[in-house]
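Peer 1: sequence unknown, structure follows:
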């Protein structure tokens with residue numbers, strides 16, 4: 001999967017939007033939303049909530065910048081970002097189950113439940129916009 005995949009203009013626009021979103025979210029982890037993001041860190045995780053928020057913010061910014069600028073590894077970064085979305089999903093579930101408010105908008109069980117359904121959308125967005133799924137399919141036909 002090391003070949004660079006050509007993506008459409010639409011994919012590129014959505015990839016850049018996702019990259020911007022990731023950099024913005026990562027920055028907000030480190031600054032103005034730091035406490036709100038701590039509400040997503042499950043109590044059972046044996047690490048400091050603040051450390052988890054800081055580290056995940058750094059990872060988000062790195063993934064966003066890589067997705068925007070590292071063309072040669074774009075397809076791989078799409079898979080890594082999709083995996084990241086899978087790995088943080090238990091935090092979203094814990095926030096719902098523990099009834100923890102955050103960001104002003106996640107102030108009800110209904111809002112937190114609806115949010116859970118957007119995680120697969122983010123995963124699909126990462127894989128599609130980076131050409132990751134297309135690269136994987138192409139590698140299967142090359143065999």
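Peer 2: Arrived safely, thanks for sending. These figures come from a predicted structure and were not determined experimentally.
Peer 1: so where's the chain shaky on pLDDT?
Peer 2: 1-3, 142-143 (pLDDT under 70).
Peer 1: in this structure, which residue is closest to the centre?
Peer 2: Residue closest to the mean C-alpha point of the chain, counted by Cα atoms, centre = their mean, is residue 85 at 4.3 Å.
Peer 1: mind listing what that one touches?
Peer 2: 119, 122-123, 126 (Cβ atoms under 8 Å, 6 or more residues apart in numbering). For the C-beta atoms, the positions are set from N, CA and C on the backbone; glycine is no exception.
Peer 1: Now it: which helix or strand?
Peer 2: helix 74-97 (DSSP states H and E).
Peer 1: sorry, back to before: can you tell me which of the contacts of residue 85 lies closest to residue 78?
Peer 2: residue 126 (5.0 Å; Cβ to Cβ).
Peer 1: residues in contact with the closest residue to the closest one other than its chain neighbours?
Peer 2: Spatial nearest neighbour of residue 126, chain neighbours left out: residue 81 (4.1 Å); criterion: Cβ to Cβ, 6 or more residues apart in numbering. Contact analysis of residue 81 by Cβ under 8 Å, 6+ apart lists 18, 22, 63, 67, 126, 130.
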